[in-house]
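Colleague: using only what follows, build the 3D model:
(one chain, ligands or ions: 1)
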Amino acid sequence: MKKIFFVFIIVVVFNSIFFPFSLWSRYVKDVFIISVDTLRRDFVGIYNDKVVYTPNIDKLLRNSLFFSNARTVEPLTAPSFASLFTGVYPHEHGVTRNGIRFSEQIDSLPKVLSKVGYTTVAVISNWVLNSRISGFDKHFDFYLEPFSTNRWIVGFKESSAEIITNRSIQFLKNRQELEPIFMWIHYSDPHAPYRYKGYLPALKKFAFPRDARGRYASEVAFTDFYIGKLLEFLRNGRKNSCTVFVVDHGENLGEHNYWGHGRHLWEESLRIPMGINCQGVVDSSVIDHFALILDIPNTLLGILGAKGKVLGHGINWWEVVSYKGGRNPRKVTLYQAHKGAVQRKSKSTIRRARIKGLLELGIIDSEGTKIVYRIKDKKIRVVNLNKEKESNIYKRLDDMKDRIYPYLREVIRDLAAFDESSPPPLLDEENYRVLETLGYVD
Ligand SMILES: [Zn+2]
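Modeller: Numbers count the residues shown, from 1 in each chain. Down below sits the predicted model:
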């Protein structure tokens, strides 16, 4: 009897680890995640009436489970994508800065899908996700890095939207296998340096100004144009598919005297466009609650047939919309800002890379009160997002201690544990130089 019980336990545990859900959707086959680096929410038409140059992204999002109020959890590329794929916060997956490897040991959306028979593919456009420094390649069967565009004056290569679309289509055309495919396709054009892309014949009518905002907008339009080409191909050739559209973080274009992203928790950097389009399976609907990038795995797996939370602790919004009348199941959302890239100075600096990199912690409650705590000078700013514009006036911590300290303690504890158990490797000369050019070295 004991033995049978033991075998039963083994089978249950084995199944829950390796086959988190047994019944796959009969309606969805392939899954695509289309992401754009550094794309501000207010530069996408569905979020801003004045924007007319993102028709393809707009159309995709209009027919989606559409998130009107989504945010990333850390406005930096590698940490944000690690949260997208694990469903947990940066202090829980350990990738708090670019250049810290995404551990192979952590469970991720591509790994879960691989276990139930998906072929997993990534098509990458930017340097910080390259397989030599990011570790993301260990989570995919195929990790394509068609780096051939020189966007910066210095020598390293990345990929333009045109290359990413063409390489993705080429991969899908050459594929003979019948297994379902999970494909992450990442575009990076809107990331600095903002180059003028209004020369594309289809974009000339927009007459983008040549200042920084105009050039940034032209990069967004250029990306949308090539996303349109990809979507056209997918519509014709890949029936019964789900397409997630998501962004790793926004960008500050001079607001609050800040250009770029990563070091501050301003709304321009945190807020992101996000939606899940599964036409014929998921009716389009709008979710106005505070949603996070880390909600994607459980929502997507829910659409595919999983019950409850399978990966991390993001919300399964599909379940919320389908069965609970859209009630907001979340009281607070949490945010964090860390220094850009790991320093290369010495082994002792590296050993405290995560702890030393922590810059800001943020909390937004379901009422819209946002509290940001700046670690360096122990000051906070508080804003009611429903009423006021964010200001950069910081006050003494005082009465908000009770709300900040429990979160701070948890983050510090986890960062120290990661620094102890898996200190990041020193970056080699080339990677350090490139990350410095990209603005990620403090
Ligand atoms: Zn990014």
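
Colleague: so what's the residue in the chain that the ion sits nearest to closest to, chain neighbours aside?
Modeller: Nearest to the ion, among the residues of the chain, is Thr77, at 3.1 Å (Cβ to the ion). Every C-beta, even on glycine, is put in place using the N, C-alpha and C of the backbone. Once flanking residues are discounted, Thr77 sits nearest to Val128: 4.9 Å by Cβ to Cβ, 6 or more residues apart in numbering.

Colleague: that neighbour is in contact with Thr437, isn't it?
Modeller: No. Under the criterion of Cβ atoms under 8 Å, Val128 makes no contact with Thr437, lying 11.3 Å away.

Colleague: of those two, give the one with the bigger neighbour count.
Modeller: Legend: neighbour count by other Cβ atoms under 10 Å for Val128 and Thr437, higher for Val128 (26 against 17).

Colleague: list the contacts for the more buried one?
Modeller: Thr77, Ala78, Asn98, Gly99, Ser134, Ala341, Leu435, Leu438, Tyr440 (Cβ atoms under 8 Å, 6 or more residues apart in numbering).

Colleague: so can I have TSV of these showing secondary structure and neighbour count?
Modeller: Converted to TSV, these look like this (DSSP: H, G, I helix; E, B strand; the rest coil; neighbours: other Cβ atoms under 10 Å):
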residue	secondary structure	neighbour count
Thr77	helix	29
Ala78	helix	27
Asn98	strand	26
Gly99	coil	25
Ser134	coil	25
Ala341	strand	29
Leu435	helix	23
Leu438	coil	22
Tyr440	coil	24
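
Colleague: and the least confident of these?
Modeller: Within those, the minimum per-residue pLDDT falls on Tyr440 (70).

Colleague: can you pull the pLDDT of the closest residue to it other than its chain neighbours?
Modeller: Distances taken as Cβ to Cβ, 6+ apart place Gly340 nearest to Tyr440, at 3.2 Å, with adjacent residues excluded. Gly340 carries a pLDDT score of 85 in this model.

Colleague: repeat for Ser22
Modeller: For Ser22, pLDDT reads 45.

Colleague: show the subsequent helix or strand relative to the helix or strand of the chain with the lowest mean pLDDT.
Modeller: Least confident helix or strand, the chain: helix 2-18 with a mean of 39, by mean pLDDT, DSSP states H and E. Scanning forward in sequence from helix 2-18 by DSSP states H and E, the next helix or strand is strand 31-36.

Colleague: between the two ends of stretch 335-355, how far is it?
Modeller: By Cα to Cα, to the nearest Å, the extent of stretch 335-355 from end to end equals 16 Å.

Colleague: same check on stretch 141-157?
Modeller: 23 Å.

Colleague: may I have stretch 379-393 exported as CSV, CA atoms only?
Modeller: Coordinates of each C-alpha in stretch 379-393 appear next as CSV, following Å, rounded to 0.1, in the frame of the first residue of the first chain:
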residue,chain,number,x,y,z
LYS,A,379,13.6,59.8,0.1
ILE,A,380,10.2,59.1,-1.4
ARG,A,381,7.8,60.7,-3.8
VAL,A,382,4.1,60.0,-3.6
VAL,A,383,1.6,60.8,-6.4
ASN,A,384,-2.1,60.0,-7.0
LEU,A,385,-2.0,58.9,-10.7
ASN,A,386,-5.7,59.6,-11.1
LYS,A,387,-5.3,63.3,-10.3
GLU,A,388,-1.8,64.6,-10.5
LYS,A,389,1.1,64.6,-12.9
GLU,A,390,4.2,63.0,-11.5
SER,A,391,6.6,65.6,-10.1
ASN,A,392,10.2,65.0,-9.2
ILE,A,393,9.8,66.4,-5.7
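
Colleague: could I get the buried residue list for that stretch?
Modeller: Ile380, Arg381, Val382, Val383, Leu385, Glu390 (16 or more other Cβ atoms under 10 Å).

Colleague: in TSV: the residues you listed, plus distance to the ion, pLDDT and secondary structure.
Modeller: Listed next are the buried residues of stretch 379-393 as TSV, based on distance: Cβ to the ion, whole Å; pLDDT from 0 to 100; DSSP: H, G, I helix; E, B strand; the rest coil:
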residue	distance to the ion	pLDDT	secondary structure
Ile380	26	92	strand
Arg381	24	92	strand
Val382	27	92	strand
Val383	24	93	strand
Leu385	23	93	coil
Glu390	21	89	coil
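
Colleague: can you list the residues of this protein near the ion?
Modeller: Residues of the chain lying close to the ion (Cβ under 5 Å from the ion) are Asp37, Thr77, Asp248.

Colleague: who's in contact with the first one?
Modeller: Remark: with contacts taken as Cβ under 8 Å, 6+ apart, Asp37 is in contact with Thr77, Ser125, Asn126, His186, Tyr187, Ser188, Asp189, Pro190, His191, Val247, Asp248, His249.

Colleague: show the contacting residues for the first one.
Modeller: In this case it means Thr77. Asp37, Asn98, Asn126, Val128, Leu129, Asp248, His249.

Colleague: ok, of those, which one's closest to Phe206?
Modeller: Closest to Phe206 out of the contacts of Thr77 is Asp37 (21.1 Å), distances taken as Cβ to Cβ.

Colleague: assumed Lys229 was part of a helix.
Modeller: Yes. Applying DSSP: H, G, I helix; E, B strand; the rest coil, one finds Lys229 inside a helix.

Colleague: and for it, nearest residue in space, chain neighbours not counted?
Modeller: Counting by Cβ to Cβ, 6+ apart, Lys229 lies nearest to Thr165, which is 5.1 Å off, once chain neighbours are set aside.

Colleague: for Val73, same thing?
Modeller: Per Cβ to Cβ, 6+ apart, closest to Val73 is Ser83, 5.0 Å.

Colleague: go ahead and confirm Ile169 touches Leu230.
Modeller: Yes. Counting by Cβ under 8 Å, Ile169 does reach Leu230; the two are 6.7 Å apart.

Colleague: who's more crowded, these two?
Modeller: The residue with more neighbours, out of Ile169 and Leu230, is Leu230; 23 against 17, by other Cβ under 10 Å.

Colleague: what pLDDT is listed against the more buried one?
Modeller: 97.
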